[in-house]
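> The sequence and its predicted three-dimensional model are supplied below.
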Amino acid sequence: QVQLVESGGGSVQAEDSLRLSCAVSGHTFSTYGWFRQAPGKEREFVSALSWSGGNTYYANFVKGRFTVSRDNAKNTVYLQMSNLKPEDTAVYYCAAAYRAWYLMRPEALHYYDSWGQGTQVTVSS
C-alpha cells in the first residue's frame, strides 16, 4: 500500500525556518512534489524533485528560500524552508508521480498519483 506521510509543520515566527518531511512507503516514484493550500485559495505548486537524478524545480515565490532534497536510504523527501513569511502559511502537501520528470510538468497537480494528508505551517509576523 502506497503511503506518503508528511511531518514537520508547526507555528513559527516570520524569518524562522522549518523542515518538512515526506516519508514514502509502498513504492518508489519517479517525481515528488510539494504543494500548499492556504484557506480560501487553490492548491499551488511549491517545489519538485526527480528521485533518480535529483533535479529540482521551484515556484518563483520560494526560490532562494526553500530547498527540496531526498534521502534515498530513508525513502524520504524534505522541504527545507527558510526566511518564512506570513504568506507562506498553508497546509503543505507531498505528492508523488510515477511519470518521469521530463515527461510531465512538475507544477501541474494532475500528473501526481498519490498525495499525503498534509501538514500545517503557520507563520506569524
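Done, it's in.

> secondary structure element for the residue nearest to the spatial centre of the chain?
With distances taken as Cα atoms, centre = their mean, the residue of the chain nearest its centroid is W34 (2.1 Å). W34 is part of strand 31-37, with elements assigned from DSSP states H and E.

> In terms of pLDDT, where does the residue nearest to V123 when sequence neighbours are not counted sit?
Closest residue in space to V123, ignoring its immediate chain neighbours: L84 at 4.6 Å, by Cβ to Cβ, 6 or more residues apart in numbering. (C-beta placed from N, C-alpha, C; glycine too.) Reading off the confidence values, L84 has pLDDT 98.

> V2 now?
Among the per-residue scores, V2 holds a pLDDT of 93.

> Repeat that for N72.
For N72, pLDDT reads 88.

> Setting aside sequence neighbours, what's the nearest residue to it?
W51 (7.8 Å).

> doesn't V24 make contact with the one you found?
No. With contacts defined as Cβ atoms under 8 Å, W51 does not count as touching V24, sitting 9.3 Å away.

> what is in contact with those two at once?
Common neighbours of W51 and V24, counting by Cβ atoms under 8 Å, 6 or more residues apart in numbering, are Y32.

> in whichever helix or strand comes after the strand holding W34, what counts as buried?
Counting by DSSP H and E, the element after strand 31-37 in chain order, helix or strand, is strand 44-50. Residues of strand 44-50 classed as buried: F45, V46, S47, A48, L49, S50 (neighbour count, 16 or more other Cβ atoms under 10 Å).

> For the first one, give its distance to G26.
To G26, F45 is 24 Å away according to Cβ to Cβ, to the nearest Å.

> try A73
17 Å.

> Just want to know which of these two has more residues nearby.
Set A73 next to G26 and count neighbours by other Cβ atoms under 10 Å: G26 wins out with 12 against 6.
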